[in-house]
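K.L.:
need a structure here:
(chains A and B)
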Amino acid sequence: MNRYNRHIILPEIGQTGQDKINNAKVLVIGAGGLGCPILQYLAAAGVGSLGIIDFDVVEASNLQRQVLFGNSTLGQNKAMAAKQRLEDLNPEISISAYAEQLTYQNAIELFEKYDVVVDGSDNFETRYLVNDACIITNTPLVFGAIFKFEGQVSVFNYNNGPSYRCLFPSAPEKGSVPNCSEIGVLGVLPGIIGTMQANEALKIILGIGTTLSGKLLCYNALTAQSHILKISKSENEISKVLNEKHLFSQKEMDANCAIPNAAISIENILKKENIQLIDVREPHELPKVEDLEVTYIPLSQLKNNLEKIDSKKEKFIFCQSGIRSKKAVSFLIELGFSNCSSIKEGAPEINNYLETQQKATTDVR
Amino acid sequence: MNITIKYFGQIAEVTQKESEQLDFSEGSIAEVLDVLYCKYGTLKNKEFKIAQNQELVSENEKLTGAEIALLPPFSGG
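P.N.:
Model (predicted):
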């Protein structure tokens, strides 16, 4: 029996529609809460060429909603882990995983390879970057975003319709709108919103039904109510983006978002072998992490002590709170070191974690 | 006229309710906002767009509708 039989027997899709799906090229931004259901349904539907871009790694706190991952993929890059899972789900399609951050430098070239972009990112800066790159490359954008128990879905830049900037012209001030990691999210919500995004993408590919172009769907998981609001196109907002097209690739991501490597939690690091732990705090700073083998190089002395860094090992850097360690990672990457990541926890939390682990082992005995 | 005002996301957290009914004489959307800013002090610091009868409008728009919605941007994913 044909894998796509249940599509093909629908008169609205048929073999012709299924061929359109099989020939479609879709790029999904982020393999997180929204990205997982989007990717799962698009891969299952047979989208011929599926791109996934995500620089982050799988953590235990993701598993409550990011349904493509499990314990066996903790610590792995999300784009790579998603590709591995989706290749089992549907080996007939081609999947490209980009284990890197989406930036003003790589977006245009990447978007030009795809017919539709689906945004599952988790911050305003990336969302505006995606919107503007879609305007510049004339690519339809399926938008989805969540907040606690509520979600928004729309289709932008499609059939001469409005863009995200026609709704919200510019990003709110940093820190004024919290994200999921700060405030929490009901796990099933991105499942619902991401699935709606996959549905919009399929309607665009198939040319059936009515998309959410020019409309914003607002869904509330607590009341099960949805509202659809009309958005009008602002030619002014769109031409502003097009007029500054030549400056796009010169823009830089905000430093807070442009962390070359996501911070990884100590729990996931200790599962790895062949690692070097580096403490970049000044010598007087306490507490020391005494239960693990640690190389001490203060951030201020880093460039004079590069010989202490083991290029054959995967390097994990920590400090007191996780800020200097990120600076150290950026610095090492600039110097051409690979395989360096920042540890999410600072030294005090690392010690707390080790203590609870030891206690757990003793209790079992 | 009696207007139903709907609040979404972070706005509903400020107002502590998802909707309410308020009475207005004729005017513009801006006058509705003035009343809401007085009623909810921190609303002024929040980012949102306004829809009248399910259509996004500017605050200079004449108040014609039975329903106003305050819609903040979400970024989560």
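K.L.:
Spell out which residues make up each domain of chain A.
P.N.:
Following automatic domain parsing, one gets these domains for chain A: A:5-250, A:266-364.
K.L.:
So residue A:36 sits against residue A:82, correct?
P.N.:
Yes - between residue A:36 and residue A:82 there is a contact under Cβ atoms under 8 Å: 7.1 Å. To be clear about C-beta, it is placed using only N, CA and C from the backbone, and glycine gets the same treatment.
K.L.:
Overlap in contacts, these two.
P.N.:
Common contact partners of residue A:36 and residue A:82 (Cβ atoms under 8 Å, 6 or more residues apart in numbering or on different chains): A:68-69.
K.L.:
Among those two, which residue is more densely surrounded?
P.N.:
residue A:82 (29 against 26; other Cβ atoms under 10 Å in any protein chain shown).
K.L.:
right, and the domains of chain A - which one's nearest residue B:62?
P.N.:
Nearest to residue B:62 among these is domain A:5-250 (16.3 Å), distances taken as Cβ to Cβ.
K.L.:
Okay, now the closest one: how far is its last residue from its first?
P.N.:
One end of domain A:5-250 to the other measures 47 Å (Cα to Cα, to the nearest Å).
K.L.:
one step back: just name the most buried of the domains of chain A.
P.N.:
domain A:5-250 (a mean of 19; mean count of other Cβ atoms under 10 Å in any protein chain shown).
K.L.:
List the contacts of residue A:26.
P.N.:
A:42, A:47, A:49-51, A:114-118, A:201, A:205.
K.L.:
Distance check, residue A:2 against residue A:45.
P.N.:
Here residue A:2 is placed at a distance of 13 Å from residue A:45 (Cβ to Cβ, to the nearest Å).
K.L.:
hey, what's the residue most central in space within chain B bridged with?
P.N.:
The residue lying closest to the centre of chain B (Cα atoms, centre = their mean) is residue B:70, at 3.9 Å. Beta-bridge pairing for residue B:70 (DSSP bridges): residue B:7, residue B:50.
K.L.:
wait, it sits on residue B:7?
P.N.:
Yes - if you go by Cβ under 8 Å, residue B:70 and residue B:7 touch, sitting 5.3 Å apart.
K.L.:
in chain A, which helix or strand is least confident?
P.N.:
Ranking every helix and strand in chain A by mean pLDDT, DSSP states H and E puts helix A:180-183 at the bottom, with a mean of 64.
K.L.:
Tell me the helices and strands packed up against the helix or strand following it.
P.N.:
Per DSSP states H and E, the first helix or strand lying C-terminal to helix A:180-183 is helix A:188-206. For helix A:188-206, the helices and strands in contact under the criterion 3 or more Cβ pairs under 8 Å, 6 or more residues apart in numbering or on different chains; DSSP states H and E are helix A:14-23, helix A:35-45, strand A:116-119, strand A:141-147, strand A:150-156, strand A:215-220.
K.L.:
residues making contact with the third one?
P.N.:
In this structure, residues lying in contact with strand A:116-119 by Cβ under 8 Å, 6+ apart are A:24-30, A:34, A:38, A:42, A:111, A:126-127, A:130-131, A:133-134, A:139-145, A:197-198, A:201, A:204-205, B:77.
K.L.:
Can you tell me the closest non-neighbouring residue to residue 37?
P.N.:
I went with chain A, as the question did not name one. residue A:194 (3.5 Å; Cβ to Cβ, 6 or more residues apart in numbering or on different chains).
K.L.:
nope, chain B
P.N.:
Once flanking residues are discounted, residue B:37 sits nearest to residue B:44: 5.2 Å by Cβ to Cβ, 6+ apart.
K.L.:
And for residue A:327?
P.N.:
Distances taken as Cβ to Cβ, 6+ apart place residue A:299 nearest to residue A:327, at 6.3 Å, with adjacent residues excluded.
K.L.:
residues touching the one you found, list them.
P.N.:
Neighbour list for residue A:299: A:280-281, A:319, A:324, A:327-328 [criterion: Cβ under 8 Å, 6+ apart].
K.L.:
In those residues, find the pair that's most separated.
P.N.:
A:281 and A:327 (12.1 Å).
K.L.:
mind listing what residue A:206 touches?
P.N.:
A:12-13, A:17, A:20-21.
K.L.:
repeat that for 10 Å
P.N.:
Contacts for residue A:206 (Cβ atoms under 10 Å, 6 or more residues apart in numbering or on different chains) come out as A:7, A:12-14, A:16-18, A:20-21, A:24, A:45.
K.L.:
Closest one to residue A:68 out of those residues, please.
P.N.:
Looking across the contacts of residue A:206 and measuring by Cβ to Cβ, the closest to residue A:68 is residue A:45, at 15.3 Å.
K.L.:
any idea how far the closest one is from residue A:54?
P.N.:
Using Cβ to Cβ, residue A:45 is found at 21 Å from residue A:54.
K.L.:
what do you get for residue A:254?
P.N.:
From residue A:254 to residue A:54 the distance is 18 Å (Cβ to Cβ).
K.L.:
what does residue A:127 give?
P.N.:
15 Å.
K.L.:
what sits in contact with each of residue A:2 and residue A:45?
P.N.:
Contacts common to residue A:2 and residue A:45, judged by Cβ under 10 Å, 6+ apart, are residue A:18.
K.L.:
What residues does chain B have near chain A?
P.N.:
Along chain B, the residues adjacent to chain A under the rule Cβ under 10 Å from any Cβ of the partner chain are B:6, B:8-10, B:12-13, B:18, B:45-57, B:67, B:69, B:71-77.
K.L.:
Got a ChimeraX select line for the buried ones in those?
P.N.:
Under the burial definition 16 or more other Cβ atoms under 10 Å in any protein chain shown, those of the residues of chain B next to chain A that qualify are selected in ChimeraX by:
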select /B:6,8,9,10,12,18,46,47,48,49,50,51,52,56,57,69,71,72,73,74,75,76,77
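K.L.:
Restricted to helices, list the residues of chain B next to chain A.
P.N.:
Secondary structure from DSSP state H places B:9-10, B:12-13 of the residues of chain B next to chain A in helices.
K.L.:
from those residues, which is closest to chain A?
P.N.:
Using Cβ to the nearest Cβ, residue B:9 comes nearest to chain A of those, at 4.6 Å.
K.L.:
Need the per-residue pLDDT for that closest one.
P.N.:
With respect to pLDDT, residue B:9 scores 95.
K.L.:
In contact with it, which residues?
P.N.:
Counted by Cβ under 10 Å, 6+ apart, residue B:9 has contacts A:145-152, A:177, A:218, A:220, B:46, B:48, B:70-74, B:76.
K.L.:
let's go with 6 Å and repeat that
P.N.:
Contacts for residue B:9 (Cβ atoms under 6 Å, 6 or more residues apart in numbering or on different chains) come out as A:147, A:150, B:72, B:74.
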